[in-house]
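*Asks:* structure of the sequence below:
(one chain, ligands or ions: 2)
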Amino acid sequence: MSKEIVLNSPLDMHLHLRDGEMLKLVGPLTSKTFAGALVMPNLVPPVTTKEALLSYKNRIKEACKDDDFEPLMTLFFQEYSREFLEDIKDEIIGIKLYPAGITTNSENGVAAIDAESLRPTLEAMSDFDIPLCIHGETNGFVMDREKEFMPVYEGLAKAFPKLKIIMEHITTKDAVELVEKYDNLFATITLHHLIITLDDVAGGMLQPHLFCKPIAKRYEDRDALLKVALEANPKVMFGSDSAPHPKHKKESCGCAAGVFTSPIALQVLVELFEKHDKLDNLNAFLSLNAQKIYNFKPLTKDITLVKKEFIVPNIYEGFGENVVPMYNNQKLFWSIK
Ligand code: DOR
Ligand code: ZN
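*Replies:* Ligands and ions are numbered 1, 2, ... in the order given. Below you'll find the model as predicted:
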């Protein structure tokens, strides 16, 4: 019999589900194999009201209705009143802060991230135990953007010691070092940043489907990420940042940022952890760490993977939309049973 592995309630703690027809196409590609996912709010317009949040949640549930799956909702950060936050706190798992203009649909983000001017909102979040998720990049030189953002994380961690701050999709050795330094800092790590470097994106012919923000970095950065992921360091958890864009927006002049990994994430993570003889740590990286960091219990959902070849589809199509996954047309060693 082929080798099998069971994953208990896998969670994707950073996911772009989009809306409309694209949501109908990509939603089930996560809900089939994950127990829950933290859903990013960077729609157009961004999710900033209770009404918009609840109706988006309903559209996600409708798109994923064939599966047991819990969308963990987030609001798009702006200055919110204490009353508003108190009223919405039970509907959200966190609030996502984007520096203005730094990535896809972040035009309404924060122009200057200054602890003092944001104090009323951040203090209320801290009091209500609402985590702050941050896209941590400056608008400096592309390879240095995350590194340059470290003092901002550090300033916020010190100014609000009880506020849980999630450094989203970390890509550098510097970020790995910083997350260990403060009790209230945590981080998500994507699948692609555990595997690729800038060489894979632009070292040969340009690979638009591997282009994302933050851009993949150096070998030493990837190795630092891999080390904390493989040991399931309790400060880090899996967040795919799977970010679907239609094929024509990726294979074009002015390529949209985002790698689409939802349908292959579990198979490739099992392969990666197996290769490093760390399969025993995978459930912690994929679920237990997130449960502790966010202090919640996910749906019970066991997913079995079997050591059997899986050829990744060239493209996923439906509802008039399409999206090309990472590793399209390539052979993986594990399949969902
Ligand atoms: O590559 C990315 N794509 N990075 C982000 O921060 C946003 C995301 C998207 O929404 O497409
Ligand atoms: Zn993202």
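*Asks:* so what pairs up with Val236 in the strands?
*Replies:* When bridges are called by DSSP bridges, Val236 pairs up with Ala187.
*Asks:* thought it was touching Thr190?
*Replies:* No. Between Val236 and Thr190 there is no contact under CB atoms under 8 Å: 11.1 Å. Backbone N, C-alpha and C define where each C-beta goes, glycine included.
*Asks:* with adjacent residues omitted, what lies nearest to Leu23?
*Replies:* Nearest non-adjacent residue to Leu23, counting by CB to CB, 6 or more residues apart in numbering: Ala63, 5.0 Å away.
*Asks:* residues contacting the one you found?
*Replies:* Applying CB atoms under 8 Å, 6 or more residues apart in numbering, we find Ala63 in contact with 17, 23-24, 27-28, 31.
*Asks:* restricted to helices, list the residues you listed.
*Replies:* Using DSSP state H, the members of the contacts of Ala63 that fall in helices are 23-24, 27-28, 31.
*Asks:* in its sheet, what does the longest strand seen in the chain sit against?
*Replies:* Taking DSSP state E as the assignment, the strand of the chain that covers the most residues is strand 70-76. Here strand 70-76 is paired, per DSSP bridges, with strand 36-39 (parallel), strand 94-97 (parallel).
*Asks:* where does this protein dip in pLDDT?
*Replies:* Within the chain, no stretch has pLDDT under 70.
*Asks:* now what about the host helix or strand of Glu180, what contacts it?
*Replies:* Here Glu180, judged by DSSP states H and E, is contained in helix 173-181. Helix 173-181 is contacted from outside by 136, 146-147, 150, 153-154, 167, 170, 185-187, 220-221, 224-225, 227-228, 233, 235-236, using CB under 8 Å, 6+ apart.
*Asks:* next one: stretch 19-32
*Replies:* Here stretch 19-32 has contacts from 12, 15, 17-18, 37, 43, 56, 59-60, 63-64, 66-67, 69, 242, 244, 246, 260, 262-263, 316-323, 336, using CB under 8 Å, 6+ apart.
*Asks:* again, only using 6 Å
*Replies:* With contacts defined as CB atoms under 6 Å, 6 or more residues apart in numbering, stretch 19-32 is touched by 17, 37, 43, 63-64, 67, 69, 244, 262-263, 318-321.
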